[in-house]
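K.L.:
From the sequence below, what's the structure:
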Amino acid sequence: MNTISNIEGLEIEPFSARSVILSALLGLHPPVLPVQALIRLAERFDVRPGTTRTSLSRMVANGELTVTEGEYALAGRLLERQREQDEGRRATTQEWNGDWITAIATGDRRTMAERRAFRQAMIGSRLAELRPDIWLRPANVGNPPRPAQVIVTRGAIAVDDAADLVDRLWPLAAIDARSQQLIHMLTAHRAEVDRQDDQLLPTTFAISAAVVRFLRTEPQLPDDLLPNDWSARELRPLYDDFAKAFDQQLRRFFAST
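P.N.:
Coordinates of the predicted model:
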């Protein structure tokens, strides 16, 4: 039985067959599962086997998955999303020397798909939009991808107050509040994960998905530009511990399929 409705404020939409498949595969290394494991997992979310099979077929046709001898694996853009997700879980260790990364889209006749891909790439690289087609962030992380018709620079910029610029780019108070909320949910649900109760898989999936989504875009700004009590510093190791227990539960569940 799906128990996600018992958790308020997750801002996670109800799990469809596609979102169950994605959540499962994005968390695995390598991201491969047999069809029966995916079907059985989706049934925990009240998704019928026929619906799961239809979703799998559509995802293969769309280039999101590949299938070999009944095993489905992530493909295409979803592999990049998994990389971004994994990077979000690791706190950056690069020192900040005051430089900034700036990405500017220069093409006037880009298609909607190109504009969407550019925006997704910037968000995935944890840049923030200053104005349409101009994105930037402190250069304490690696450069974002540079598709055609995009200029990426790395160096000093003339700004009177870097902290004021950061406030314009990111809603730090709202981000920190969300982080604190997720810390509370992880802490409250940790004992339930240790119980290894498969009936609670939907709830655990929802909490895990909410944390991973948050960490994928949490800006990882230099300490000089963050409050001393920035809660994401606590969230990452807390989720690492949570994820290890959840991974053990999932592997046991899949092994019994």
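
K.L.:
where does this protein dip in pLDDT?
P.N.:
Residue ranges of the chain with pLDDT under 70: 1-10.

K.L.:
in it, which spans are helices?
P.N.:
Secondary structure of the chain (DSSP state H): helices located at 17-26, 35-43, 49-61, 77-89, 112-124, 162-169, 172-194, 201-217, 232-255.

K.L.:
Mind putting these into a markdown table with mean neighbour count?
P.N.:
Every C-beta, even on glycine, is put in place using the N, C-alpha and C of the backbone. Formatted as a markdown table, these follow (neighbours: other CB atoms under 10 Å):
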| stretch | mean neighbour count |
| --- | --- |
| helix 17-26 | 20 |
| helix 35-43 | 19 |
| helix 49-61 | 16 |
| helix 77-89 | 16 |
| helix 112-124 | 15 |
| helix 162-169 | 14 |
| helix 172-194 | 16 |
| helix 201-217 | 21 |
| helix 232-255 | 16 |
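
K.L.:
a markdown table please, covering those helices and showing distance to residue 133.
P.N.:
Formatted as a markdown table, the helices of the chain follow (distance: least, CB to CB, whole Å):
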| stretch | distance to residue 133 |
| --- | --- |
| helix 17-26 | 29 |
| helix 35-43 | 39 |
| helix 49-61 | 31 |
| helix 77-89 | 21 |
| helix 112-124 | 8 |
| helix 162-169 | 15 |
| helix 172-194 | 23 |
| helix 201-217 | 19 |
| helix 232-255 | 28 |
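
K.L.:
Nearest to residue 152, out of the ones you listed?
P.N.:
Each of the helices of the chain has some distance to residue 152 by CB to CB; the shortest is helix 112-124, at 10.2 Å.

K.L.:
Which strands or helices does the closest one pack on?
P.N.:
Under the contact definition 3 or more CB pairs under 8 Å, 6 or more residues apart in numbering; DSSP states H and E, helix 112-124 sits against helix 77-89, strand 100-105, helix 201-217.

K.L.:
and the angle for that helix with helix 201-217?
P.N.:
Helix 112-124 runs at 90 degrees relative to helix 201-217, counting by axes from the mean of the first three to the mean of the last three CA atoms, to 10 degrees.

K.L.:
ok, and what's touching helix 112-124?
P.N.:
80-81, 84, 103, 105, 107, 110, 129, 133, 135, 144-145, 147, 149-150, 216-217 (CB atoms under 8 Å, 6 or more residues apart in numbering).

K.L.:
Selecting buried members of those in PyMOL, what would you type?
P.N.:
Listed next is the PyMOL selection for buried residues among the contacts of helix 112-124, using 16 or more other CB atoms under 10 Å:
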select buried, resi 81+84+103+105+110+133+135+144+150+216+217
